[in-house]
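S.K.: have a look; sequence and predicted model below, questions after that.
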Protein chains: 2
Amino acid sequence: MNIGQAAKTTGLSAKSIRYYESQGLLQAQRQDNGYRHYDPASIKRLTLLARARRVGFSLDECAELLALLNDGQRQSKNVKRTVHDKIAQLDTQLENLTRMRNTLIELAERCNGDEQSQCAILNDLTEGERPMTFTLLDDSHNQLEQPNE
Amino acid sequence: MNIGQAAKTTGLSAKSIRYYESQGLLQAQRQDNGYRHYDPASIKRLTLLARARRVGFSLDECAELLALLNDGQRQSKNVKRTVHDKIAQLDTQLENLTRMRNTLIELAERCNGDEQSQCAILNDLTEGERPMTFTLLDDSHNQLEQPNE
DNA sequence: ATAAACCTTACCCCAAGGTTAAGGTCAACT
DNA sequence: AGTTGACCTTAACCTTGGGGTAAGGTTTAT
C-alpha cells in the first residue's frame, strides 16, 4: 500500500505520515521506485496514531503508546495509566478554560453593550489591581477540526 | 519606565512585550540610550494585553480590543460582542475536550489494567471500523501556566 | 506521446513566545 | 579608574504539528 492509500485508510494526511516517520515514530519500507510501502502492521500503527491524536495525545505520548503496542511483554495496567494521565491533563485544561469562560461572563455582565463608549469590560481589563478573577491561559494550539468538512 | 519595570508591573515578560511591539500591537518611545520607554498610557495598553491574553484572546483579537480602547467613538456593544464571540469559542473548545475526555473514560473502563498484555484500549485504538466515539483534537498549544510557580 | 495522478525531498510558513548569544549601558562599589 | 552586576539591545534558533508549494521522478491510462 502506498502512502496515499494509507492516508485514505487511516484518515491521516500523507504529509502527517511522513512527518511521523521523520520524528521516528515509524519506519517505512521502500519499494524499488523509492515509494513508501505500508503493510497491515504499519497500518495498525498509523491507525493508533490517528486515533490517539484525535483524543489528545501528543506525538511523544503516541510514541509511548506505540512502544506498548509493540511490546509483547507489556502489562495493560501501564496502558491504562497512560490513559488516566491524559484524562488528568484534559481535566486541568477543562478547569482552565472554564475559569477563563467564567471571567469573560462576569466581564460581559457588567457591560451595558449599548451605543456609548463607556465600557466596563475595557475598564476592568485596563484598570487598577486585579479587577478580575485570576485566570490562566489554556495550552491550546492546534486548529479545531470541525466535524463537518 | 524601562521594559523590565513595565514587565514587572504588567506581569508580562520583557520578551513578550518586545514581541507584541514587533507584531505591531504597540509603538514604544525610545530614550536617548535606545532603551524603550513606557508611559502610563502604554502601561494601560500592556495591561489590557496581559489580561486579555490570560482569558484566551489571540494577539489578533487583542489588536481588536486595543483598537476599541483607543477609539473614542467606540460603542460598548462592539466590545461586548467581541467578548461573547470569545465565549462561544471557549464553548466549542470545551465541548471538544469533553468529547475527548469521554472517549478516554470509555476506553479505560473496558481495560482490565492488570499484569496481562491483553488490552482493550490498544485493541480499540488499532482495530476495525470506528471502534470509538468520533472525537476531535483540541486547538490547544500554549503551555499550561500552573498557578503555583 | 502525453496528460493525470501519484510519489519524492526540500524549503518556508503559522502562534507566541522561550532560550541562548553577543554586546551596549548604567549605577554602585572599591 | 576599574570592575562587577543588573539592566538593556538585536539576532537567531527552538518548540508543535503539520500545511503549502516547488521542482522533479514514476506510473497508469488514454
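M.R.: Received the coordinates, thanks. Bear in mind the structure is a predicted one, so any value in this text is a computation, not a measurement. Residues are numbered from 1 along each chain as shown, chains lettered A, B, ... in the order given.

S.K.: gap between the one residue sitting closest to the centre of chain A and A:Leu94?
M.R.: Residue closest to the average C-alpha location in chain A (C-alpha atoms, centre = their mean): A:Gly56, at 3.8 Å. Per C-beta to C-beta, to the nearest Å, A:Gly56 is found 11 Å from A:Leu94. (C-beta placed from N, C-alpha, C; glycine too.)

S.K.: identify the contacts common to these two.
M.R.: B:Leu97 (C-beta atoms under 8 Å, 6 or more residues apart in numbering or on different chains).

S.K.: about what we covered before: helix or strand: which one has the residue nearest to the residue nearest to the centre of chain A when sequence neighbours are not counted?
M.R.: Setting aside the residues directly before and after it, A:Gly56 is nearest to B:Met100 in space (C-beta to C-beta, 6 or more residues apart in numbering or on different chains), at 4.8 Å. According to DSSP states H and E, B:Met100 maps onto helix B:76-109.

S.K.: list the buried residues for that helix?
M.R.: By neighbour count on 16 or more other C-beta atoms under 10 Å in any protein chain shown, the buried set for helix B:76-109 is B:76, B:78-80, B:82-83, B:86-87, B:89-90, B:93-94, B:96-97, B:99-104, B:107-108.

S.K.: averaged pLDDT, that helix. What do you get?
M.R.: Predicted confidence along helix B:76-109 averages 96 (mean pLDDT).

S.K.: tell me what whatever helix or strand comes next after that helix is packed against?
M.R.: Using DSSP H and E, the next helix or strand after helix B:76-109 towards the C-terminus is helix B:120-126. For helix B:120-126, the packing partners by 3 or more C-beta pairs under 8 Å, 6 or more residues apart in numbering or on different chains; DSSP states H and E come out as helix A:40-54, helix A:59-70, helix A:76-109, helix B:76-109.

S.K.: which elements pack onto the last one?
M.R.: If you count contacts as 3+ C-beta pairs under 8 Å, 6+ apart, helix B:76-109 packs onto helix A:76-109, helix A:120-126, helix B:59-70, helix B:120-126.

S.K.: number of nearby residues for A:Glu64?
M.R.: The tally of other residues near A:Glu64 (other C-beta atoms under 10 Å in any protein chain shown) stands at 17.

S.K.: ok, the one 4 residues further on next?
M.R.: A:Leu68 sits with 20 neighbouring residues when counted by other C-beta under 10 Å.

S.K.: my guess is it meets A:Lys80, correct?
M.R.: No - counting by C-beta atoms under 8 Å, A:Lys80 is not a contact partner of A:Leu68; they are 10.4 Å apart.

S.K.: now A:Asp91: closest residue in space, sequence neighbours ignored.
M.R.: B:Arg101 (7.3 Å).

S.K.: got phi/psi on the residue lying farthest from the centre of chain A?
M.R.: Farthest-out residue of chain A from its mean C-alpha position, per C-alpha atoms, centre = their mean: A:Gln116, at 41.2 Å. Note on A:Gln116: its backbone torsions stand at phi -80, psi 160 [degrees, to the nearest 10].

S.K.: do you know how far it is from A:Ile3?
M.R.: 59 Å.

S.K.: stretch A:35-42 near chain B anywhere?
M.R.: No - applying C-beta under 8 Å from any C-beta of the partner chain, one finds stretch A:35-42 out of contact with chain B, separated by at least 9.9 Å.

S.K.: what does that stretch contact?
M.R.: Residues contacting stretch A:35-42 (C-beta under 8 Å, 6+ apart): A:1-3, A:5-6, A:17, A:21, A:26, A:28-31, A:46.

S.K.: start to end distance for it?
M.R.: 15 Å (C-alpha to C-alpha, to the nearest Å).

S.K.: spell out whether it and DNA strand C are in contact.
M.R.: Yes - using C-beta under 7 Å from any atom of the strand, a contact is recorded between stretch A:35-42 and DNA strand C, made by A:Tyr35, A:Arg36.

S.K.: now that stretch: how far from the chain's centre is it?
M.R.: How far stretch A:35-42 lies from its chain's middle: 25 Å, per C-alpha atoms, centre = their mean, to the nearest Å.

S.K.: that'll do, ta.
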